[in-house]
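Asks: sequence and predicted model, in that order:
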Amino acid sequence: MSDAIHADVTVRPPNIVSRIMGSLRSAVGKLAHEPLGLTGFIILALLCLIAIFAPLLAPYDPNVQVLSDALKPPSLAHLAGTDEFGRDILSRLIFGTRITIQTVLSISVIVGPIGLLIGVVSGFFGGRIDALLMRATDIVLSFPSLILALAFAAALGAGLTTAIIAISLTAWPPIARLARAEALVVRNTDYVSAAQLYGASRLRILFFYIAPMCIPSVIVRLTLNMAGIILTAASLGFLGLGAQPPAPEWGAMISNGRKYMLDFWWVAVMPGIAILLASLAFNIVGDTLRDILDPRHARS
């Protein structure tokens, strides 16, 4: 009899795997009715494929200089023209996609867990822990993210790795704020109260009951932040604090081409278009994910 009662009162956290799979199936069905969102996903998928198969897709070596072909306008031989060193801009844009995707994914992998952990700990424990963590978050939020990233990048030294670290140090507060808000709601749900009555430890409740329920919102927020990450990374590259030459980083390409803007517009405009398309794709995908995963934000 006691075993039966024990089995009846056992409280298990929601199956996050089945929840995610169900959400994915529902999302695919809803995505068919979102042509703009579907377009964003297609552009994003193409960017990932371009990054993976860059050596096969690029018509030229991105770093080979042919001075006799310097500053050639777009043509059949060079669809996006050439830069001041005669390098094919299209090939450099294709290989630059790798740097952009690598930067976005690296920052997301760093920022997501950090923001989620700080947010759920703050929201679940409350009190002094919440006050301490949120005041630290407010301090970081009080500075413009680009200015703070520039300060960190300048202190750490120029380079792609340091740019990723610098941006990560400034990009976690919005994630922490969102995770805290979600945790404040989830900690008052019935299944969390039942788990507490059953004797589940605070760490178990935190990592198995509350944190998994905050992950979908964090993923949406990360996707929406990716456009800003791309622009910040391009800004650091433009100022010489990102990937260093001869790496084909889009922001650095714009910086190199700005002196030729009046006579050879394609040198700076082509990487600008690439940044625009990538940022727009991530914004559309993030907005679509928000509408799909959270009915409260669905379009009327």
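Replies: Looks like it arrived, so ask away. Residues are numbered from 1 along each chain as shown.

Asks: surely residue 47 meets residue 104?
Replies: No: using C-beta atoms under 8 Å, residue 47 makes no contact with residue 104, being 9.7 Å away. The way it works is simple: take the backbone N, C-alpha and C, and place the C-beta from them, glycine included.

Asks: who's more crowded, these two?
Replies: residue 104 (23 against 20; other C-beta atoms under 10 Å).

Asks: for that one, what are its contacts?
Replies: With contact taken as C-beta atoms under 8 Å, 6 or more residues apart in numbering, residue 104 is in contact with 226, 229-230, 233, 282.

Asks: out of those residues, which are inside helices?
Replies: Within the contacts of residue 104, residues falling in helices by DSSP state H are 226, 229-230, 233, 282.

Asks: dump those residues to a markdown table, plus pLDDT and neighbour count.
Replies: Shown next, in a markdown table, are the ones in helices among the contacts of residue 104 (pLDDT from 0 to 100; neighbours: other C-beta atoms under 10 Å):
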| residue | pLDDT | neighbour count |
| --- | --- | --- |
| 226 | 90 | 25 |
| 229 | 92 | 27 |
| 230 | 93 | 25 |
| 233 | 92 | 29 |
| 282 | 91 | 24 |
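
Asks: low-confidence ranges, the stretch 151-300 of the chain, go.
Replies: For the stretch 151-300 of the chain, applying pLDDT under 70 flags the ranges 293-300.

Asks: mind running it again at 80?
Replies: 196, 291-300 (pLDDT under 80).

Asks: show me where it has its helices.
Replies: For the stretch 151-300 of the chain, the helices defined by DSSP state H, counting those that start in this stretch cover 160-186, 190-198, 202-205, 211-238, 250-257, 266-293.

Asks: out of these, flag the one nearest residue 144.
Replies: helix 160-186 (9.0 Å; C-beta to C-beta).

Asks: residue 138 is nearest to which of the helices of the stretch 151-300 of the chain?
Replies: Nearest to residue 138, of all the helices of the stretch 151-300 of the chain, is helix 160-186, at 8.0 Å by C-beta to C-beta.

Asks: so how far is residue 287 from the residue nearest the centre of the chain?
Replies: Note on the chain: the residue nearest the mean C-alpha position is residue 226, at 3.4 Å, using C-alpha atoms, centre = their mean. Residue 226 is 12 Å from residue 287, where distance means C-beta to C-beta, to the nearest Å.

Asks: with distance to residue 160 added, can I get the ones in helices among the contacts of residue 104 in JSON lines?
Replies: Below are these laid out as JSON lines (distance: C-beta to C-beta, whole Å):
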{"residue": "226", "distance to residue 160": "17"}
{"residue": "229", "distance to residue 160": "13"}
{"residue": "230", "distance to residue 160": "14"}
{"residue": "233", "distance to residue 160": "9"}
{"residue": "282", "distance to residue 160": "19"}
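
Asks: out of the residues you listed, flag the one nearest to residue 84.
Replies: residue 233 (22.8 Å).

Asks: surely residue 61 is in a strand?
Replies: No: using DSSP: H, G, I helix; E, B strand; the rest coil, the secondary structure at residue 61 is coil, not a strand.

Asks: what helix or strand does the residue lying closest to it once chain neighbours are set aside sit in?
Replies: The shortest distance from residue 61 to any non-neighbouring residue, by C-beta to C-beta, 6 or more residues apart in numbering, is to residue 91 (6.9 Å). Using DSSP states H and E, residue 91 sits in helix 89-125.

Asks: okay, the angle between that helix and helix 266-293?
Replies: Orientation check (axes from the mean of the first three to the mean of the last three C-alpha atoms, to 10 degrees): helix 89-125 against helix 266-293 gives 40 degrees.

Asks: give the buried residues for helix 89-125.
Replies: Going by neighbour count (16 or more other C-beta atoms under 10 Å), the buried part of helix 89-125 is 89-101, 103-104, 106-108, 110-112, 114-124.

Asks: buried residues in stretch 131-148?
Replies: In terms of neighbour count (16+ other C-beta under 10 Å), stretch 131-148 has its buried residues at 133-134, 137, 140-141, 145, 148.

Asks: check contacts around the nearest residue to residue 250 once chain neighbours are set aside.
Replies: Nearest residue to residue 250, sequence neighbours excluded (C-beta to C-beta, 6+ apart): residue 271, at 4.3 Å. Each residue near residue 271 by C-beta under 8 Å, 6+ apart is listed here: 89, 93, 96, 250-251, 253-254, 257.
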